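Colleague: Give me the fold of what follows.
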Amino acid sequence: MTNHHVINKATEITVTLSDGREFTAELIGSDEGTDVALLQVEAENLNKLKLGDSDSVEVGDFVVAIGNPFGLGQTVTSGIVSALGRSGLNIDYEDFIQTDASINPGNSGGALIDFDGNLFGINTAIIAPSGGNVGFGFATPAKIAKGIFSQLVEFGGVKRGVLGVMITTVTPA
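Modeller: Model prediction:
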């Protein structure tokens, strides 16, 4: 898993593990509306993160952000959940977990986990006028990502209902 904006327009995707192994990843699917993407690698002896119940996350919970800030690789920072249900980041579907764990450019697509290793979110965005962390990091909740991933696997894309209006000019007969 990662963010859509991380892999968008990539011609080749390489996944590097903490033990230094590198794999070419296959893009299973991506959803610009929620900014999530699902990748697959052919590898043995991979540890899986447990998918946590992001609905059970509360303000004040301790979390860990894992990512690749500024290309430094496999960086871990900690903080708390500062707020839930955040929006206003100009992504179509917003319900972000806000954290003060240090999230910087390059952390996008990384994991937001609890101290037991349960995945609660995908690090997605920051608000940073200077381009670096100022204590406002945002993660897409695991619940949203899980729903998107199941559709990407089943349909290769996301199916959404559409309500719309068609407008046409009518002239008197």
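Colleague: Can you tell me which residue is spatially central in the chain?
Modeller: Closest to where the C-alpha atoms of the chain average out (C-alpha atoms, centre = their mean) is Ile122, at 3.4 Å.
Colleague: List the beta-bridge partners for that residue.
Modeller: Ala111, Thr140 (DSSP bridges).
Colleague: Does Gln74 touch Ile66 like I think?
Modeller: Yes. Assessed by C-beta atoms under 8 Å, Gln74 is found in contact with Ile66 at 7.4 Å. To be clear about C-beta, it is placed using only N, CA and C from the backbone, and glycine gets the same treatment.
Colleague: returning to what we had before: please verify my assumption that the residue nearest to the centre of the chain contacts Leu112.
Modeller: Yes. Between Ile122 and Leu112 there is a contact under C-beta under 8 Å: 7.0 Å.
Colleague: Overlap in contacts, those two.
Modeller: Ala139 (C-beta atoms under 8 Å, 6 or more residues apart in numbering).
Colleague: This structure: helices as residue ranges?
Modeller: For the chain, the helices defined by DSSP state H cover 4-7, 142-155.
Colleague: counting contacts, what elements does the longest strand seen in the chain pack onto?
Modeller: When the chain is parsed with DSSP state E, its longest strand is strand 75-86. Packing contacts for strand 75-86, counted by 3 or more C-beta pairs under 8 Å, 6 or more residues apart in numbering; DSSP states H and E, involve strand 62-67, strand 96-99.
Colleague: which of those strands sits most buried?
Modeller: Comparing these by mean neighbour count (mean count of other C-beta atoms under 10 Å), strand 96-99 comes out on top with a mean of 24.
Colleague: Give me the distance from that one to the chain's centre.
Modeller: From the chain centre to the centre of strand 96-99 is a distance of 11 Å (C-alpha atoms, centre = their mean, to the nearest Å).
Colleague: Could you list the paired strands of that strand along with their orientation?
Modeller: Sheet pairing of strand 96-99 (DSSP bridges) gives strand 75-86 (antiparallel), strand 137-141 (antiparallel).
Colleague: ok, Ser54 to Asp61 distance?
Modeller: Between Ser54 and Asp61 the computed distance is 11 Å (C-beta to C-beta, to the nearest Å).
Colleague: neighbour count winner among the two?
Modeller: The neighbour count for Ser54 versus Asp61, taken as other C-beta atoms under 10 Å, is higher for Ser54 (22 against 16).
Colleague: Per-residue pLDDT of Leu51, please?
Modeller: Note for Leu51: predicted pLDDT of 86.
Colleague: Contact partners for it?
Modeller: Asn118, Leu119, Ala142, Lys146.
Colleague: Next: Ala101.
Modeller: Ala101 makes contact with Val63, Val64, Ala65, Thr77, Ser78, Gly79, Ile80, Leu112, Gly137, according to C-beta under 8 Å, 6+ apart.
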